[in-house]
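*Asks:* Need a 3D model of the following:
(one chain, ligands or ions: 1)
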Amino acid sequence: MVDWTRIRSDFPALQRKINGRSVVYLDSACMALKPRQVIDAMYDYYEKYPACAGRSIHKFGEEASNAYLAARKKFADFLNASQPEECIWTRNATESLNIVASSVKIPKGSKIVTTSLEHHSGSLPFVERARRDGLTVEVIKAQADGTFDIEDWKRTIDSNTSLVSVVHSSNVTGTVAPIKEIVEIAHDCGALVMSDDAQFAPHHPLDVQAFDMDFSAVSVHKMCGPTGMGVLYGKLEHLESMNMFLYGGDTVSDVRFENGKIIPEYLPPPEKFEAGLQNYAGAIGAGAAAEYLQSIGMEEIEKHERSLLEIAIKRLLEMDHVHILGTDDITIKTGLVTFRVDSVPSAHDVATFLNDEFNVMVRSGWHCAGPFHYQMGIDPKKGTARASFYLYNNKEDVRVFLEGLTKLVEISS
Ligand SMILES: Cc1ncc(COP(=O)(O)O)c(C=O)c1O
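*Replies:* Numbers count the residues shown, from 1 in each chain. Here you go, the predicted model:
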């Protein structure tokens, strides 16, 4: 049994009081809070051995190299990658998606398939790649509840499809896509799959081998890790065959100067994709975050969040003027709920009221998912509000959130 009260005490930000009240943080789908274990790991690096990993052979350098290597191994274990070299450190999931979109080799005239539910970071890099190379992009329309009709995937992915970019768990509807089936359909047609796991990885067990994913983009800051850190997982064979993204120091095994020419020889992955001095503290923090979540258990975290989501959704469904965006079936959802309050002009007003009156922090806006908001006829400027739950939230958080929303509905209608 996980002691969720003890887990809560790992997060210093939750110990704060603002205006004499506890804080209710329900914005983890944007940015997760950081546990003491992650902060300490990074602090340790900065305080004790803040040197360059992989290059400097002195004692600090050696300690930094060991910690950096260990962090990659921890992250590979978290994803069940077959080897650490399949995990590339990036700045965020957006960069991971961009690396694949711009560097994977795609046959001329082929097709990229994506969906109307993508975060902009999961669609735009591919839209731009297509524009650059004259490729076609076909967009599968999510259903109103945020799920997909698997027949649409079968119809759309064909032998001319080179790449599929799909959000594994939506940051808007929270719906989890049937990734295994999508991967199977894609692979049967010879296409590669880029899974956007920015929302899935922090909240569910993610086994990249079991899903047979070609690529996965992970946002470390959404999984209790430091800001400015992401991971690109890629099967080694794909990473090896891809073009490079950035060139420069640390990507090379040799750079000769012959007959007036500079001739580089590049390293294999992961160094091939990690040009320049890296965010060592960030990587060490990412490793600590992966280890921290694993020590609790991703199945347990998933269950805990769904138990909170269930309470929230049950009440939201009863409330006048509140409309949930996407399905209310918690068994196919990550722990978040997006909603509109039709008696309040804009979602920002909802977020402002909850924040000002109840210290409840939710997200408002279009959640970088313009196409789905347009599809659903929601003015992106008015947007939707989103409450997202994580391992450190408890029933009291849900109660305060619902109390705040009930009050808002009362005074606005
Ligand atoms: C589904 C999804 N994909 C991609 C991203 C982008 O992640 P990052 O901020 O790490 O680039 C987000 C961020 O909210 C997201 O929710």
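*Asks:* Just give me the neighbour total for Thr338.
*Replies:* Thr338 sits with 30 neighbouring residues when counted by other CB atoms under 10 Å. All C-beta atoms are positioned from the backbone trio N, CA, C, and that covers glycine.
*Asks:* that's a strand at it, yeah?
*Replies:* Yes - applying DSSP: H, G, I helix; E, B strand; the rest coil, one finds Thr338 inside a strand.
*Asks:* What residues does the stretch 151-300 of the chain have near the ligand?
*Replies:* Residues of the stretch 151-300 of the chain lying close to the ligand by CB under 6 Å from any ligand atom are 167, 171, 196, 198-199, 219, 230.
*Asks:* Tell me which of those residues fall in strands.
*Replies:* Under the assignment DSSP state E, those contribute 167, 196, 219, 230 to strands.
*Asks:* Can you tell me which of these lies closest to the ligand?
*Replies:* For those, the closest approach to the ligand (CB to the nearest ligand atom) belongs to Ser219, at 3.1 Å.
*Asks:* Contacts only, for the closest one.
*Replies:* 92-93, 198, 201-202, 230 (CB atoms under 8 Å, 6 or more residues apart in numbering).
*Asks:* Please pick the buried ones from those.
*Replies:* Among those, the ones that count as buried by 16 or more other CB atoms under 10 Å are 92-93, 198, 201-202, 230.
*Asks:* Helices - which of the residues you listed land there?
*Replies:* Among those, the residues falling in helices (DSSP state H) are Ala93.
*Asks:* Include pLDDT when you put the buried ones among the contacts of Ser219 into CSV, please.
*Replies:* Output for the buried ones among the contacts of Ser219, formatted as CSV (pLDDT from 0 to 100):
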residue, pLDDT
Asn92, 98
Ala93, 98
Ala198, 98
Ala201, 98
Pro202, 98
Gly230, 98
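*Asks:* contacting residues for Val344?
*Replies:* Shown in contact with Val344 (CB under 8 Å, 6+ apart): 321, 350, 353, 408, 412.
*Asks:* returning to what we had before: Throw the buried ones among the contacts of Ser219 into a markdown table and include distance to Gly248, thanks.
*Replies:* Listed next are these as a markdown table, based on distance: CB to CB, whole Å:
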| residue | distance to Gly248 |
| --- | --- |
| Asn92 | 20 |
| Ala93 | 23 |
| Ala198 | 27 |
| Ala201 | 28 |
| Pro202 | 31 |
| Gly230 | 19 |
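*Asks:* Show me the helices in the stretch 151-300 of the chain, by range?
*Replies:* 179-188, 236-241, 280-296, 298-318 (DSSP state H, counting those that start in this stretch).
*Asks:* quick one, which of those is nearest to Ile150?
*Replies:* helix 179-188 (5.7 Å; CB to CB).
*Asks:* Look at the nearest residue to Ser82 once chain neighbours are set aside and say how many residues are nearby.
*Replies:* Nearest non-adjacent residue to Ser82, counting by CB to CB, 6 or more residues apart in numbering: Gln209, 6.2 Å away. When neighbours are counted by other CB under 10 Å, Gln209 registers 12.
*Asks:* before we move on, what about Glu184?
*Replies:* The number of residues packed near Glu184 is 14, by other CB under 10 Å.
*Asks:* which residues touch Ala76?
*Replies:* Neighbour list for Ala76: 83-84, 86-87 [criterion: CB under 8 Å, 6+ apart].
*Asks:* Okay, buried residues for the strand or helix carrying it please.
*Replies:* Here Ala76 sits within helix 59-79, counting by DSSP states H and E. In terms of neighbour count (16+ other CB under 10 Å), helix 59-79 has its buried residues at 61, 63-65, 67-68, 70-76, 78-79.
*Asks:* do stretch 45-53 as well
*Replies:* Going by neighbour count (16+ other CB under 10 Å), the buried part of stretch 45-53 is 45, 49, 51-53.
*Asks:* Alright, calling it a day.
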